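J.: my questions are about this predicted structure, shown below with the sequence.
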Amino acid sequence: MKDLILKEILQEYDDLREKEREALRQRENHIMETIPDIADIRRTVVELMARRSLDIIKNPDISTQTVDELEKKISELKEKERELLSRHGFPEDYLSMRYHCAKCNDTGYTGDIVKEKCSCLIQKLLERTYQLSDIKELDRENFDTFDPEVFPDSPAEGSRLTQREYMIQLKNRLMDYVSQFPDNRRKTILFSGKTGLGKTFLLNCMAKKILDAGYTVMRISAYKLFNQLFLSALQDNEQNQFLFNCLFEVDVLIIDDLGTETQRNNYTSEDLFNILNERFTQGKHTFLSTNLGLTELKERYSDRIASRLFDTSNTMLIKFFGQDIRVRVRN
Ligand SMILES: Nc1ncnc2c1ncn2[C@@H]1O[C@H](COP(=O)(O)OP(=O)(O)OP(=O)(O)O)[C@@H](O)[C@H]1O
Ligand SMILES: [Mg+2]
């Protein structure tokens, strides 16, 4: 998945450099016509450079003094070219290639021997992955904006902690989890609980942290996912292929609101099983949320799914309880 995105971005760098090369050619043509002195200088520079190369080939023992003299001449001519440009009202770098990133010259990589991704490439990779993930929501819902005050501080049924205390503990536990990512023992997380308890919010917090660490994350609602899978069974096109690649290759797949999808005989169960199973086999992370209780989940999906999902050696089952904070009056 990252490879696909990377390939696409590197192609854009190529296109960008080609566009700039063409723009430079046009600027050069324009200058050659309007400032003949510069055309002369350019010709002389080319001749001098050719002579320098030839001299070195013909006579490997050529004195460094001769080479230095030639180079001095070349740089004097270049200086003269810049002066001429300036005198005619053009910027001094008018005949230089323009790069959008001075660090990597729009190649995406820095370093001569050991190539490393330039920060501009890393940024693009992140943005592109965010696109899969609807970036705006993650600006609003992340660990920094997590507000414990939205949860009632009254004792929750069946727990010694208040809803607020419980959510603070849960937040800390999940922060630990993402700080250890991807080396987590359990790679599936299932949030189960009624509506308005902060499940999606916490999934977003985790998504943002993991994305910021440079991994790929895809967030999708079960409704959208299974609709898309149903449609893709009807037509095999590039977009559907991309969805499939993403489902299996992203570092983290987040399926929100499991149970809200349209049920179409056994298709949903089969698709879900294949996704969970394949990702489990590849050791990849999958986070899910659902309003359904465990018994309802078992009833709705196949036994195979239930045993995959409830296998506590690979799944962290997290229950949400308390008051719906969407309707709560602050206390
Ligand atoms: N920790 C938090 N800090 C600030 N706002 C929060 C927090 N948790 C949830 N909210 C806000 O409360 C509302 C409900 O939360 P959320 O959507 O996460 O609930 P949910 O459990 O996913 O509900 P549903 O099951 O209906 O999808 C949202 O508007 C969300 O932004
Ligand atoms: Mg939700």
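T.: Good, I have the coordinates. Please read these numbers as outputs of a predicted model, since none were measured by experiment. Residues are numbered from 1 along each chain as shown. Ligands and ions are numbered 1, 2, ... in the order given.

J.: for residue 254, grab phi and psi.
T.: Summarising the backbone geometry of residue 254 under the convention degrees, to the nearest 10, its torsions are phi -110, psi 120.

J.: now do stretch 259-278: distance to the chain's middle.
T.: 27 Å (CA atoms, centre = their mean, to the nearest Å).

J.: can you tell me the element the residue lying closest to residue 275 once chain neighbours are set aside falls in?
T.: Excluding the flanking residues, the one nearest residue 275 by CB to CB, 6 or more residues apart in numbering is residue 247, at 5.7 Å. C-betas here are computed from N, CA, C, even on glycine. According to DSSP states H and E, residue 247 maps onto helix 238-249.

J.: repeat for residue 256
T.: With elements taken from DSSP H and E, the one containing residue 256 is strand 252-258.

J.: roughly how far out does that strand sit from the chain middle?
T.: Using CA atoms, centre = their mean, the offset of strand 252-258 from its chain centre is 18 Å.

J.: name every strand pairing with that strand and say which way it goes.
T.: Strand 252-258 pairs in its sheet with strand 217-221 (parallel), strand 285-290 (parallel), by DSSP bridges.

J.: how long is stretch 148-161 from one end to the other?
T.: Counting by CA to CA, to the nearest Å, you get 14 Å between the two ends of stretch 148-161.

J.: and that stretch, what's buried?
T.: 151-152, 156 (16 or more other CB atoms under 10 Å).

J.: hmm, it in reach of ligand 1?
T.: Yes - with CB under 6 Å from any ligand atom as the criterion, ligand 1 is reached by stretch 148-161 at residue 150.

J.: which stretches in the stretch 101-250 of the chain count as helices?
T.: Secondary structure of the stretch 101-250 of the chain (DSSP state H, counting those that start in this stretch): helices at 119-131, 135-140, 163-180, 199-212, 222-234, 238-249.

J.: just say which of those helices is most tucked in.
T.: Of all the helices of the stretch 101-250 of the chain, helix 199-212 has the most neighbours on average by mean count of other CB atoms under 10 Å, namely a mean of 22.

J.: relative to strand 217-221, how tilted is that helix?
T.: Between helix 199-212 and strand 217-221, the angle comes out at 160 degrees (axes from the mean of the first three to the mean of the last three CA atoms, to 10 degrees).

J.: what helices and strands are in contact with helix 199-212?
T.: Contact analysis of helix 199-212 by 3 or more CB pairs under 8 Å, 6 or more residues apart in numbering; DSSP states H and E lists helix 119-131, helix 135-140, helix 163-180, strand 188-192, strand 217-221, strand 252-258, strand 285-290 as its packing neighbours.

J.: those: lowest mean pLDDT?
T.: When these are compared on average pLDDT, helix 119-131 comes out lowest at a mean of 72.

J.: so which other helices or strands are in contact with the host helix or strand of residue 18?
T.: Residue 18 belongs to helix 2-34 when elements are defined using DSSP H and E. In terms of contact count using 3+ CB pairs under 8 Å, 6+ apart, helix 2-34 is assigned the packing partners helix 36-58, helix 119-131, helix 238-249.

J.: report the buried residues of the first one.
T.: Under the neighbour-count criterion of 16+ other CB under 10 Å, helix 36-58 has 38, 41-42, 45, 52 buried.

J.: stretch 260-279 too?
T.: 261, 268-269, 271-273, 275-276, 279.

J.: follow-up on the earlier one: now for the buried residues of helix 36-58: which two are most distant?
T.: Looking at the buried residues of helix 36-58 by CB to CB, the two members farthest from one another are 38 and 52, with 20.8 Å of separation.

J.: how about the residues of the stretch 201-331 of the chain by ligand 1?
T.: So the stretch 201-331 of the chain meets ligand 1 at 201, 257, 291, 325-326 (CB under 6 Å from any ligand atom).

J.: one step back: now the angle from the very next helix or strand once past the strand holding residue 256 to strand 252-258?
T.: Proceeding C-terminally, strand 252-258 gives way to helix 267-281 as the next helix or strand, assigned by DSSP H and E. In this structure, helix 267-281 runs at an angle of 150 degrees to strand 252-258, with the same axes, to 10 degrees as the basis.

J.: now helix 267-281, how far from the centre of its chain.
T.: In terms of CA atoms, centre = their mean, the centre of helix 267-281 is found 24 Å from the chain centre.

J.: what of stretch 39-49?
T.: Using CA atoms, centre = their mean, the mean C-alpha position of stretch 39-49 is found 46 Å from that of the whole chain.

J.: what of stretch 53-60?
T.: Remark: stretch 53-60 is offset 49 Å from the chain centroid, using CA atoms, centre = their mean.

J.: then stretch 193-200?
T.: Counting by CA atoms, centre = their mean, stretch 193-200 is centred 27 Å from the centre of its parent chain.
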